[in-house]
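1. got a predicted model here, sequence first, then my questions.
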Amino acid sequence: QQSDLTIALQLEPPHLDPTSAAAGAIDSVLYANVFEGLTRFGADGGILPGLAERWEVSDDGLTYTFDLRDGVTFHDGTAMNAEDVKFTLDRARAEDSANAQKALFEDIAEVTAPDPQTVRITLSQPNGALPFNLAWGDAVIVAPESIDAIKQAPVGTGPFRFEEWVQGDRIELARYADYWGEAPALEAATFKFISDPTAAFAAMMAQDIDAFAGYPAPENLPQFEADPRFQVLVGSTEGETILAMNNGQPPFDNALVRAAVAHAINRQDIIDGAMFGLGTPIGTHFAPHNPDYLDLMDFSPFDPEKARALLAEAGFADGFTTTLKLPPPSYARRGGEIVGAQLRAVGIETEITNLEWAQWLEEVFRGKDFGLTIVSHTEPADINIYARPDYYFQYDNPDFQALMKELSATSDMAARTELLHQAQRMIAEDHVNAYLFQLAFPTVADARLRGLWENQPTQATDLTGVSWAE
Amino acid sequence: MLRYTLTRLASLAISLLVASAVIFLVVEVAPGDPAAYMLGLNAQPDTVAALRAELGLDVSRPERYLDWLGGMLTGDFGVSYTYRTPVAQMIADRLWVSLPLALYALTLSTCIAFPAGLLAASRRGKAADIGVTAATQLGVAVPNFWFAMLLVLLFAINLGWFSAGGFPGWDDPLAALKALTLPAIALALPQAAILTRVMRSSLLDTLGEDYIRTARAKGLSRGQVLWRHALRNALIPVLTIIGLQFSFLLAGAIIIEQVFFLPGLGRLIFQAISQRDLIVVESVVMLLVFAVITVNFAVDLAYAAADPRLRTRR
Amino acid sequence: MSRTLILGLALTALFVGAALLSFVWTPYDVETMSIAQRLRPPDADHLLGTDHFGRDILSMIMVGARTSIAVALVAVGIGMGLGVPLGLWAAARRSGWLDEAIMRFNDLVFAFPSLVIAILITAVFGPSAVNAIIAIGIFNIPVFARLARGAALPLWTRDFILAARVAGKSGLRISAEHILPNLANLLIVQGTIQFSLGILAEAGLSYVGLGAQPPVPSWGRMLADAQTMVALAPHVAVVPGLAIVGMVLGLNLLGDGLRDLLDPKLRVLRT
Amino acid sequence: MSLLDIHALDVAIHGTPVLSDVCLSIGAGEIVALTGESGSGKSMTALATMGLLPDGAEARGAVMLDGTDLLTLPEAQLCAHRGQSMGMVFQEPMTALNPVQSIGAQVAETIRIHTGATRAEAKTRAAEVLTRVGLPPDRFPLYSYPHALSGGQRQRVGIAMAIALRPKLLIADEPTTALDVTTQAQILDLLRGLVQDFDMGLMMITHDLAVVSRFADRIAVMQRGRIVEQGPTTEVFARRRHAYTRSLFAASRHRADLGPARPGAPLLTVENVRRDYALPRTRLFAPRRHHRALADVSFAIRRGERVGLVGESGSGKSTLTRAILGLEPVQAGRITLDGAPVGPETTRRMQVVFQDPYASFNPRHRVARLVAEPFHALANAPRGADRSRAVAEALTSVGLEPEAAERYIHAFSGGQRQRIAIARALITRPELVIFDEAVSALDVRVRAQILDLIAGLTRQHGLTYLFISHDLSVVRSVTDRVLVLKDGRIVEEGPTAQVLETPRHPYTQALIAAAPRLPDLPDGEADAASPAP
Ligand SMILES: Nc1ncnc2c1ncn2[C@@H]1O[C@H](COP(=O)(O)OP(=O)(O)OP(=O)(O)O)[C@@H](O)[C@H]1O
Ligand SMILES: Nc1ncnc2c1ncn2[C@@H]1O[C@H](COP(=O)(O)OP(=O)(O)OP(=O)(O)O)[C@@H](O)[C@H]1O
Ligand SMILES: [Mg+2]
Ligand SMILES: [Mg+2]
């Protein structure tokens, strides 16, 4: 019976500290395997207890008290206690912190450790999303003893211990014998990094690897499905893939132009052409698998005639030329070519520029020097970015900003749902961006593998429940 | 010979200095901030600034250049921005893949080209010559990435003789060699074609020289003349090409390493550029330039060994 | 005319002809997509099949030839336009410091791994056909400079140059009037070789996404786009690959044939 | 039966006949000279004998060496014969040796492939042979490389390789043509000594009748692939039956009629000129060494004077030419033309004719443009039709049709090219012309024509020139006064006839002694062929 696993990912982590970089690749290897937080995401996206067995919220919503589990040890043998948690959270929200998601900890006023098994977090304002925030990879618990070497030798509390990193090739994990919870079925796991889609196909076909999480070439999936040696899991992600428009600049500061673009887009052609059918069309910035999701595609059906009319109404009867800057992932590159062709059909010429991520961040995200771009927003529940007028697509709507303020102060579930519906409708109506599809997450694996996560509520490859069938 | 060596050494040092300045300038003007790259979409400006300070990016450029230059002289290439490990260590690790690959490919291409060139030259105009020439024409025209793709399709996916890529490490040398075989072939074949052509035409040129006729008048057969007199003289242009090829093999490996997902220098540099890991880019490019310049220097010295006229001249 | 030359001419003419034809006519519009028609194998409608966006591959090959030829041609032009004068200049000042400086500069450019520099250039200025041209062109400069200098040096010792000097002509004038015309054959032959290398280089750059940007078709990018579909629809990977091989083969044969025709003793640089 | 018997040999290359019905025999200890103008088939006869004809050549007839027909022998057995029973020495000592093998190894190779001697034995034998040809190992170690030897020394190595196994037949194809006269004499002596010592048969190819006259037992004269006359040397010299032989002789002894000299005011003065070439440093900080190509050279040329300059190869003749033309700086001394120091200003008042008619013209220009080139420096140069007229005139004056102006240079023979070169030199009516070995590369008969042309032009236009040559007989015929240059110094100077008849300096004496001369023949002058342009 096989007890080890070689699983491939497309991206290699730059280093191994989930608390000081935005690289999802770090979480993809370490989240839930090596590092754990007070709370954690479940396979379905729900919030589960992690290192905290349970927690209580004070009536004013300002104080959270977490009870830690007994017998949790770090991989170096030291015990995990409330001091470690306090250290972790204080480090993440410190002035000079390099935490990429510092905003998650914004509302925390103070963290105290009344006793080794209890942590008390005091907020400056009520925030119903704290347990959700603490489930992020950027909030996993680290120890002060091992923090200096964490980037190369991560020490966590998870079921797997970090063994070796051959840079450019692979990271090896091994089962941690003193894990507090149920021991995983796998004794060892190797993460291999294969960025090239052809290489991915070849490696999978040659069975050099047992599984590929986030398989990069959807066009190959039918072939794997047809092959009895393999199974294909297609899950959902938190990635809303959008055609973002620069709301702060002409011509996209004109709602009519944005509406025209939204009507010029044929979502199904993009999903078929770029993703070979993989992905769910969306009409707003919200994940379809979320219970609060609204289908708002009626605001922007594919209607080139209407698009041309809207353009004429906006004063662009002869169309115009704009830039379309595309980051590296194939959804953007291929999707961009199709979007370019579709926009050309209604009279909008696009100059396509392919950018690397670093360039994209510099030019588009920070410099806001773009007309159109395609990008997938993979952070969970991130509709609040529309409340940031300095965000790269520069949507500045006071009504929406007020709505978000109200949302974060509300902890009643029904009320929250209502507010979220309003928010979704508002941006769809405004055609802030053209909403294309929810990114799918394909995993190709050996047919005998069981227990792999199908969906990607967060970037993670949780191996805790993975096993080989007889 | 000594003077020749010394002047060449001096100009080599100047070349390297100029190269380092050019590399630094080009890399530094590239837009994109390593800190911003690392912190992603939700980062806040103060976090980015904190990270820049931590990486030492807030120091002025001339100062960083001098630091880098001084460090390199002592073998210290600095610390990678993204990986946070010493660049020298990273390069050393990757070199264990790239260098064997380049040497493997060089050996392969030489082993193919020498006999093929000899065969073609000694059978000039015959079927063997025409066959070899046609093969080299094709070899020169095939893009190596496409060739690599076809190799993988045939040998890894359909036949399953080799793994499709990846590198198991040198713990098991045989497995390591096996993993490098397909990439080395993909790299070597187009180079072998070029080398064969040079070898053939160089041999034919030499065979037309007067001293070949002299040797024939001594009673040497055609074959003996080829081995004893033509080969060594014909080697000189061939050596140049081998020297030039080395740089092509190191750099050409970038795409090939991508196709076979080998953790070599080529992939490191590709990754480092996209992550704006400037110091890694600068150091690796510098290393490649250094390698090429020194290899060509060695080739020049090899010339002198092959051609006694050069030992005293110049 | 040798068989080599005829075959080379025929292949080159085929691709150049296709490229020229594409200005006025292609079987289909290369920018119109038809997702429903994607990855169709070759048939009567689409002689070479369709790609993953349902575009006609034959049309794309024709327009792609245009891109390849244009990029390679301009790059060779840059290499020749700058390299030859440099080489002639160095030869005119033989064994002076200027000669030394020019030749060291050449060595230096040669020492840089071309692909890495191309990647850097595109990292600085963004990927585009123009930057591909510059990247390829820069590496053509030392080739032509070396070639021109190497061929000009022996000419400078020839008596007819001495005669021209006796007639009072300047180095510049002698280079232009006497040296350059005598290099013409060599430059034509080397030019074809560099042209073919330029086609390969353009394909390589486009393959890693640094060449011409969509929607302009390019053989290298067609290959890159197709590579994951080899198993699904082999023609999308095979056709552009064969186009590259055919064009490069044609140019190489043309170069060899021209050399045999003009002067079989020409020394060209092969790298 | 003689040693070598060539019988009715026909050779065709790719169907073009190059030899027809060649019959020749050589006995042991006999020296047979094969002579004839360039392209007449001398080398082909030799190569056919060695079995080394170029690809595509087909030979019929018989070549019997000691009773074996070499033409029918398979390649493997031919290899056994070459180097063993017959050896060959080639013309160009500079290229005939493998540059990357030591001389010892190259000589030993002949021994090792034929005798199976060990490396050490072969080395000892090689040392003996090299000593025999005048390269004792204590001065010329076996490990020396060819590039470190002079032309004459290399030729000795070539001979050593050919005679290492004492072949019965030695073939020497123009073995001394590339060497200067003194070296030539030494090599000829060496060959004669070897023939006597080893009782070899020697086939000696040369186009120089003077060399042959004192050296060969028998002579065979070739023309267009046939032997037109052959017999004992004295007999052939005396009878000269064939018209071709006669014209060859006449040309060899030709004297041009220069007309009397009318020296005027001094035109060119060269005072204490020194020219140093920097040599590369041997060590990094070693003082830079120099090669002194010209040391303290002084002389003057008056208007209307025809001055000769002789000296062996490397004595500095071409260096002096370049200095006078102002193309290279000198380290000391003064050169003035009409009182003005030479430089760009004076260059246009002088012209030059070079040695190699093939290298002196840009192959890509038409003759009109080539000939008109010197007009470049002239302020009031004729343009358009005037220029064409001047070119036509210049071409006519050297005996060419004016139509020649429209053709490219490759369409002309060597002699015609040299005429064009003279036309180019004279078109601007320069005050001084320098002929740098202007006739050395030409065939004897063509040489005679060119010398006549120069003489004729001198009679008409009263040229002033400096005529550089290593060939004393040429200098004798076209100069009034002669300078003798040795190692960058002028060692003797005086009226041509006087210097050549009664040389005072030992070097001049040696030079004259070494120069081969045709015997005086009674009816020599009678049938001088009149050179037709
Ligand atoms: N490789 C060859 N292919 C075709 N023709 C050749 C070849 N070599 C020589 N010939 C021709 O054969 C003829 C005889 O040439 P050969 O070399 O024997 O002349 P030669 O008397 O030795 O002249 P020279 O005094 O110039 O050496 C010439 O007409 C020449 O053009
Ligand atoms: N550029 C140079 N650098 C160094 N030495 C040179 C150079 N040119 C000529 N010499 C040397 O100067 C000396 C004189 O050369 P020069 O060419 O004047 O001889 P020459 O008398 O014309 O000989 P030849 O009859 O062979 O033409 C020779 O020893 C030569 O090696
Ligand atoms: Mg000859
Ligand atoms: Mg000379």
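-> Noted; the coordinates are in hand. Ligands and ions are numbered 1, 2, ... in the order given.
2. what's downstream of the worst-scoring helix or strand of chain D on mean pLDDT, the next helix or strand?
-> Between all helices and strands in chain D, the lowest mean by mean pLDDT, DSSP states H and E belongs to helix D:344-347, at a mean of 75. Downstream of helix D:344-347, the next assigned helix or strand under DSSP states H and E is strand D:350-353.
3. what comes into contact with whatever helix or strand comes next after that following strand?
-> Sequence-wise, the next helix or strand downstream of strand D:350-353 (DSSP H and E) is helix D:367-372. With contacts defined as CB atoms under 8 Å, 6 or more residues apart in numbering or on different chains, helix D:367-372 is touched by C:160, D:361-362, D:387-388, D:390-391, D:394-395, D:404-409, D:412, D:420, D:423-424, D:427. To be clear about C-beta, it is placed using only N, CA and C from the backbone, and glycine gets the same treatment.
4. repeat that for stretch A:270-282.
-> If you take CB under 8 Å, 6+ apart as the criterion, stretch A:270-282 is touched by A:218-219, A:221-222, A:234, A:236, A:240-241, A:267-268, A:288, A:297, A:330-331, A:334-335, A:338-339, A:342, A:435-440, A:442, C:33, C:35, C:38, C:52-54.
5. buried ones only from those residues, please, as a ChimeraX command.
-> Paste this into ChimeraX to select the buried members of the contacts of stretch A:270-282, with burial taken from 16 or more other CB atoms under 10 Å in any protein chain shown:
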select /A:218,219,221,234,236,240,241,267,288,297,330,331,334,335,338,339,342,435,436,437,438,439,440,442 /C:33,35,38,52,53,54
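6. separation between residue A:370 and chain D?
-> Going from residue A:370 to chain D by CB to the nearest CB, to the nearest Å gives 56 Å.
7. from residue B:35, how far off is that residue?
-> Counting by CB to CB, to the nearest Å, the gap from residue A:370 to residue B:35 is 21 Å.
8. count of residues packed around the closest residue to ligand 1 within the stretch 151-300 of chain B?
-> Residue of the stretch 151-300 of chain B nearest ligand 1, by CB to the nearest ligand atom: residue B:208 (10.3 Å). Other residues within reach of residue B:208 by the criterion other CB atoms under 10 Å in any protein chain shown amount to 11.
9. can you check the one 4 residues further on too?
-> Applying other CB under 10 Å, we find 20 residues neighbouring residue B:212.
10. ok, now residue C:174?
-> Counted by other CB under 10 Å, the residues lying close to residue C:174 total 22.
11. quick check, residue A:164 in a strand?
-> Yes: per DSSP: H, G, I helix; E, B strand; the rest coil, residue A:164 lies within a strand segment.
12. what residue in the stretch 51-200 of chain C comes nearest to chain B?
-> Of all residues in the stretch 51-200 of chain C, the one sitting closest to chain B is residue C:113 (3.1 Å; CB to the nearest CB).
13. anything in the worst-scoring helix or strand of chain C on mean pLDDT near chain A?
-> Lowest mean confidence among the helices and strands of chain C (mean pLDDT, DSSP H and E): helix C:114-125, at a mean of 77. Yes: for helix C:114-125, a contact with chain A is found by CB under 8 Å from any CB of the partner chain, at residue C:123.
14. can you check stretch B:156-171 too?
-> Yes: part of stretch B:156-171 sits close enough to chain A to count as contact by CB under 8 Å from any CB, namely B:156, B:157, B:160, B:163, B:164, B:165, B:166, B:167, B:169.
15. quick check, pLDDT for the second one.
-> Yep, that's residue B:157 we're talking about. Looking at residue B:157, its pLDDT is 74.
16. who are the contact partners of the closest residue to it other than its chain neighbours?
-> Nearest in space to residue B:157, with sequence neighbours left out and distances taken as CB to CB, 6 or more residues apart in numbering or on different chains, is residue A:205 at 4.7 Å. Neighbouring residues of residue A:205 by CB under 8 Å, 6+ apart: B:156, B:157, B:164, C:231.
17. give me the buried subset of the residues of stretch B:156-171 next to chain A.
-> Neighbour counting by 16+ other CB under 10 Å classes B:156, B:157, B:163, B:164, B:165, B:166, B:167 among the residues of stretch B:156-171 next to chain A as buried.
18. and of these, the nearest to residue B:117?
-> The nearest member of those to residue B:117, counting by CB to CB, is residue B:156 at 30.5 Å.
19. excluding covalently adjacent residues, which one is nearest to that closest one?
-> Of all residues not flanking residue B:156 in the chain, residue B:164 sits nearest, at 3.9 Å (CB to CB, 6+ apart).
20. surely residue B:153 and residue C:230 touch.
-> Yes: at 5.9 Å, residue B:153 counts as touching residue C:230 under the criterion of CB atoms under 8 Å.
21. quick one: the residue nearest to residue B:156 and residue A:206 touch, right?
-> Yes: between residue B:164 and residue A:206 there is a contact at 4.2 Å, judged by CB under 8 Å.
22. shared neighbours, these two?
-> With CB under 8 Å, 6+ apart, residue B:164 and residue A:206 have common neighbours B:156, B:157.
23. how close does the closest residue to residue D:51 other than its chain neighbours sit to residue D:63?
-> Leaving aside its chain neighbours, residue D:51 sits nearest to residue D:78 (4.4 Å; criterion: CB to CB, 6+ apart). Distance from residue D:78 to residue D:63, counting by CB to CB: 11 Å.
24. go on, residue D:474?
-> Residue D:474 is 38 Å from residue D:63, by CB to CB.
25. can you give me the helices in the chain?
-> Answering for chain A, as no chain was given. For chain A, applying DSSP state H gives helices covering A:24-30, A:82-93, A:130-133, A:197-205, A:221-226, A:255-264, A:267-275, A:304-313, A:330-345, A:357-360, A:398-409, A:413-430.
26. my bad, the chain I had in mind was chain B
-> Counting by DSSP H, the helices of chain B are B:2-29, B:34-39, B:45-55, B:61-73, B:87-122, B:127-141, B:144-151, B:173-207, B:210-217, B:222-225, B:231-259, B:265-275, B:278-306, B:308-312.
27. looking at residue D:78 and residue D:63, which one has more neighbours?
-> In this view residue D:78 and residue D:63 are compared by other CB under 10 Å, and residue D:63 has more residues nearby, 23 against 19.
28. for chain B, what is the nearest residue in chain D?
-> Per CB to the nearest CB, residue D:83 is where chain D lies closest to chain B, at 3.3 Å.
29. wait, residue A:194 sits on residue A:201?
-> No: using CB under 8 Å, residue A:194 is not in contact with residue A:201, being 9.5 Å away.
30. for stretch C:5-23, buried residues please.
-> By neighbour count with 16+ other CB under 10 Å, stretch C:5-23 contains the buried residues C:5, C:7, C:8, C:9, C:11, C:12, C:15, C:18, C:19, C:22.
31. err, stretch D:100-110, not the other one
-> Across stretch D:100-110, burial judged by 16+ other CB under 10 Å covers D:100, D:101, D:102, D:103, D:104, D:105, D:106, D:107, D:108, D:109, D:110.
32. show me those that map onto helices.
-> Using DSSP H, the buried residues of stretch D:100-110 in helices are D:103, D:104, D:105, D:106, D:107, D:108, D:109, D:110.
33. redo those as JSON lines? Include distance to residue B:107 and pLDDT.
-> Below are those laid out as JSON lines (distance: CB to CB, whole Å; pLDDT from 0 to 100):
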{"residue": "D:103", "distance to residue B:107": "35", "pLDDT": "89"}
{"residue": "D:104", "distance to residue B:107": "34", "pLDDT": "90"}
{"residue": "D:105", "distance to residue B:107": "30", "pLDDT": "89"}
{"residue": "D:106", "distance to residue B:107": "32", "pLDDT": "90"}
{"residue": "D:107", "distance to residue B:107": "37", "pLDDT": "90"}
{"residue": "D:108", "distance to residue B:107": "34", "pLDDT": "90"}
{"residue": "D:109", "distance to residue B:107": "31", "pLDDT": "88"}
{"residue": "D:110", "distance to residue B:107": "36", "pLDDT": "88"}
